[in-house]
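1. The following block contains a protein sequence and its predicted model.
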Amino acid sequence: MTMKTTQITEGLASLTIPRQSLRDPFHCPVFFNPAMKFNRDVSVLAFKHSMKRIGVKKAVAVDGLCALGVRGIRYALEGKNVEKMFFVDANDDALPFLKKNVKANKLERVSSIERTDLNRFFLNSETFFDFIEIDPFGSPVFFLESAFRRLKKTSVLSVTATDLANLAGARMLPCIKHYDARPLHSAYAHEIALRVLVGRVARTAMKFDFAVLPLLSFYRRHYVKTFLLCEKGAMKADDMIPNIGFVNHCVHCLHRFPSRRQKECCPSCREPLEAAGPLWLSELNDSKFLDALLKDVRKDHSKDAKSVEKLIRLLRSENAFPVSFFDLHVLAKKSGVSVRSVERVSDQLKRKGFQVSRTHFSPTSIKTNASVKEVRAALR
Ligand SMILES: C[S@@+](CC[C@H](N)C(=O)[O-])C[C@H]1O[C@@H](n2cnc3c(N)ncnc32)[C@H](O)[C@@H]1O
Ligand SMILES: [Zn+2]
């Protein structure tokens, strides 16, 4: 197939891309979405530091579902720590772009280009990988089991999910079907979406006697993303089980709380509860890991690096807070009061001794250890 092409640079990579992808990436025979640069910027940083974290100086890595190769190329060029990058994509049309881009960036020596189905690649491979990237259209669940068969004992798995409507509860059945978990249509649906994804990866990991530790997880626009440190060991996997559970939510009084098992009756108003899960209940990020990313990204003064820094600072600030957050606009509307600024409500709660943080999930929301009753009181 002949396509009009154009040249761009992203990070340190020089790329040939279909010209159409600059205005309409979703209908292009070879996929490249310029709007995912932010995701790739964060991921390059996380790749570099995750390999440091597990003590790997030269990584054997997979850019699964690589399309024209931008991610793997950037990881190799900017991480400066790749021994071998396997680029895998089933699309015939992507192949000439991939070959050209690998060559243009002088990465032939460290690259292996595989035009095949990703599951088939994993099942036929005899290599164990330090790092696997799964960046699909929609849900990554179809590739998780085969990925866990090929991860090294200590390794890192990076997963994106773009089926956010399913994960965030707009479509309940596909979420149950693919993630084996109930989402929650609520003001904090995007946090539930991220926890459902991490929970699903963790439950798949357990089947293969792996434990996972989320190093970096975030939501943005139409996707959720997580980087997980994976460690093989039957007891480590057993120890991870308490991290999985449910979030119980009262539609009547908006009280919410986590639990290992689903609860039926609201302890605050006795109305029936809705439950989301099974999902990941523990921290979505590793604070030490975020500190390392922050230190690094602060050295870069570009506008894009500032956006990455802002995200990581928010993740760091909100990390230790309980599950869920309060959208002050939604809460004010439900309470029949006029909305107050995040700063005013936060100050009021802090004066009462509560802890409060802004959250990357929403600019009009707060995370706090105060109950919904206390937040409502602070809004009045
Ligand atoms: C979202 S795009 C990847 C984007 C790319 N990682 C980036 O950062 O620009 C998903 C890719 O998965 C490929 N794909 C879909 N199903 C596949 C499968 N079963 N095995 C291998 N590749 C597949 C598609 O051809 C497409 O290029
Ligand atoms: Zn209630």
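-> Perfect, thanks for sending it. Computed from a prediction, not measured in an experiment: that's the story for all the values here. Ligands and ions are numbered 1, 2, ... in the order given.
2. mind checking pLDDT for whichever residue of the stretch 51-200 of the chain sits closest to ligand 2?
-> Among the residues of the stretch 51-200 of the chain, Ser186 lies closest to ligand 2, at 13.1 Å counting by CB to the ion. Placement of C-beta: from N, CA and C, glycine included. On pLDDT, Ser186 comes in at 95.
3. Count the residues that sit near it.
-> Counted by other CB atoms under 10 Å, the residues lying close to Ser186 total 21.
4. Could you pull up the contacting residues of the residue lying closest to His27 once chain neighbours are set aside?
-> Once flanking residues are discounted, His27 sits nearest to Gln20: 7.4 Å by CB to CB, 6 or more residues apart in numbering. Residues near Gln20 by CB atoms under 8 Å, 6 or more residues apart in numbering: 3-4, 27-28.
5. circling back to that earlier point, was I right to think the residue of the stretch 51-200 of the chain closest to ligand 2 contacts Gly169?
-> Yes. Using CB atoms under 8 Å, Ser186 is in contact with Gly169, at 7.3 Å.
6. sec struct for the residue positioned nearest the centre of the chain, please.
-> Per CA atoms, centre = their mean, the C-alpha nearest to the average position across the chain is that of Lys225, at 1.5 Å. With DSSP: H, G, I helix; E, B strand; the rest coil as the basis, Lys225 sits in strand.
7. need the contact list for the closest residue to it other than its chain neighbours.
-> Nearest in space to Lys225, with sequence neighbours left out and distances taken as CB to CB, 6+ apart, is Thr160 at 4.8 Å. Residues near Thr160 by CB under 8 Å, 6+ apart: 39, 134-136, 140, 223-225.
8. Could you rerun that using 6 Å?
-> Thr160 is in contact with 135, 223, 225, counting by CB atoms under 6 Å, 6 or more residues apart in numbering.
9. could I get those as a markdown table with pLDDT and distance to Lys303?
-> Formatted as a markdown table, the contacts of Thr160 follow (pLDDT from 0 to 100; distance: CB to CB, whole Å):
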| residue | pLDDT | distance to Lys303 |
| --- | --- | --- |
| Asp135 | 97 | 24 |
| Tyr223 | 98 | 21 |
| Lys225 | 98 | 21 |
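10. quick check, nearest of the residues you listed to ligand 1?
-> Nearest to ligand 1 out of the contacts of Thr160 is Asp135 (CB to the nearest ligand atom; 3.7 Å).
11. Am I right that that closest one is in contact with Cys66?
-> No. Here Asp135 does not reach Cys66: they are 7.8 Å apart, not a contact under CB atoms under 6 Å.
12. Looking at those two, which is more packed in?
-> A count of neighbours by other CB under 10 Å puts Cys66 above the other of Asp135 and Cys66, at 27 against 24.
13. Shouldn't Val8 be within a strand?
-> To be clear, residue 8 is Ile; Val isn't right here. Yes. With three-state DSSP as the criterion, Ile8 is assigned to a strand.
14. who's it bridged to?
-> Beta bridges link Ile8 to Leu15, judged by DSSP bridges.
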